[in-house]
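Trainee: got a structure for you, letters missing:
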């Protein structure tokens, strides 16, 4: 077994301290000096990660901010390979560590890190059997670009959520929001991956978003896209019905008031439910008052909110699975020319 040392290239002294400790204990490790000039750095790192059985993560603020380290950690975490965390900066707290290693055992003493690495390697293949196999093995195949997209998604979700608040957030609040958003994006990605494995239909990760001002939801869509979801945008009820006449979606998201009328979200919902009782429908509008939630539910919506992270949670919970697909009845073709009854009520 061989150890892989995940670190920022700007932390060379910390890296050398770790390798010195491993050398003293005869612990084999992959050395970045093996990188061939002119070759693809990404592919060489990927090959090294696949060959190694243990990751030693040198946690510094540089490495925490590094998308390369994020990709390496994601690969080991997803493959169920052990990760040993060496906190090389005294001021770092557990809450600042990457999301996938928070709560794990970490150590500030190099000797303890090297001893733990030696112990894991001595245990050999028996360690792998004890790792939680519920972890998503597909994460191991993520590219740097995919992990960067997930990071962007987490930041976008935090930004979308913060825009709903009247008061500005301080640095600590933003950090907490991003960490919480990262958990939601990762959970959504895993839900999307699960749906992908269980479904052969092409619609399982497709979302229809109906809003006459789609630019207002750019952050939210970035967060969803980081989970592997794809969007078709419609600017009106008529356009949405035209799209639905020939295509199937895993979920529909709609605003409430549009140029067509102040309650177009309900108009679209009623038109959809007249022929399709199964596709999850969510209203993302200016209110999440209890009365509006009740009204939306009575009309057949699965949820209504004006909070971005709530929307993400609701939609990812509703992603189709093989079980849901088998129980979903065939739906009739929507008629995009259907006559819609519009009620002259106030905007939700």
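Mentor: Arrived safely. Here the structure is a predicted model, which is why all the values come from computation and not from measurement.
Trainee: C-alpha from now on. contacts and neighbour counts both.
Mentor: Fine.
Trainee: Next, the contact list for residue 111, please.
Mentor: Residues counted as contacts of residue 111 (Cα atoms under 8 Å, 6 or more residues apart in numbering) are residue 21.
Trainee: Torsion angles phi and psi at the closest residue to residue 30 other than its chain neighbours?
Mentor: Closest residue to residue 30 apart from its sequence neighbours, by Cα to Cα, 6 or more residues apart in numbering: residue 4 at 5.5 Å. Dihedral angles of residue 4 (phi, psi; degrees, to the nearest 10) stand at phi -110, psi 130.
Trainee: pretty sure residue 262 is touching residue 237, no?
Mentor: No - counting by Cα atoms under 8 Å, residue 262 does not reach residue 237; the two are 11.9 Å apart.
Trainee: between these two, which one's more packed in?
Mentor: Between residue 262 and residue 237, counted using other Cα atoms under 10 Å, residue 237 has the larger neighbour count: 26 against 19.
Trainee: Look up how far residue 315 lies from that one.
Mentor: Between residue 237 and residue 315 the distance is 20 Å, computed by Cα to Cα, to the nearest Å.
Trainee: What of residue 3?
Mentor: Counting by Cα to Cα - residue 3 and residue 315 are separated by 39 Å.
Trainee: Looking at these two, which has the bigger crowd around it?
Mentor: A count of neighbours by other Cα under 10 Å puts residue 3 above the other of residue 3 and residue 315, at 26 against 22.
Trainee: which stretches of the chain aren't confidently modelled?
Mentor: Within the chain, the stretches with pLDDT under 70 are 39, 99-100, 102-105, 124-201, 321-348.
Trainee: how about a cut-off of 50?
Mentor: 125-144, 165-179, 199-200, 322-333, 336-348 (pLDDT under 50).
Trainee: Domain parsing of it, as residue ranges.
Mentor: Listed domain ranges for the chain are 3-141, 144-327 (source: automatic domain parsing).
Trainee: Show me the strands in this protein, by range?
Mentor: For the chain, applying DSSP state E gives strands covering 3-6, 54-59, 83-87, 106-107, 206-210, 230-234, 251-254, 281-284, 303-305.
Trainee: Please list the outside residues in contact with the first one.
Mentor: In this case it means strand 3-6. With contacts defined as Cα under 8 Å, 6+ apart, strand 3-6 is touched by 15, 27-30, 48-49, 52-58, 69, 72-73, 117.
Trainee: Endpoint to endpoint, stretch 297-316 covers what distance?
Mentor: 18 Å.
Trainee: again, but for stretch 282-301
Mentor: 6 Å.
Trainee: Would you mind listing the buried residues in that stretch?
Mentor: Buried residues in stretch 282-301, defined by neighbour count with 16 or more other Cα atoms under 10 Å: 282-288, 292-293, 296, 300-301.
Trainee: Contacts for that stretch next, please.
Mentor: Against stretch 282-301 from outside (Cα under 8 Å, 6+ apart): 251-256, 265-266, 269-270, 273, 277, 280-281, 302-307, 311, 315, 348.
Trainee: Give me the buried entries from the contacts of strand 3-6.
Mentor: Buried among the contacts of strand 3-6 by 16+ other Cα under 10 Å: 15, 27-29, 48-49, 52-58, 69, 72-73, 117.
Trainee: Could you tell me which of those belong to helices?
Mentor: Among those, the residues falling in helices (DSSP state H) are 15, 48-49, 69, 72-73, 117.
Trainee: For these, work out which two are farthest apart.
Mentor: Greatest spacing in those, by Cα to Cα: 69 and 117 (18.6 Å).
Trainee: Just send the strands of the chain back as a markdown table, with distance to residue 242 too.
Mentor: Putting the strands of the chain into a markdown table (distance: least, Cα to Cα, whole Å) gives the following:
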| stretch | distance to residue 242 |
| --- | --- |
| strand 3-6 | 50 |
| strand 54-59 | 51 |
| strand 83-87 | 50 |
| strand 106-107 | 55 |
| strand 206-210 | 12 |
| strand 230-234 | 9 |
| strand 251-254 | 14 |
| strand 281-284 | 17 |
| strand 303-305 | 23 |
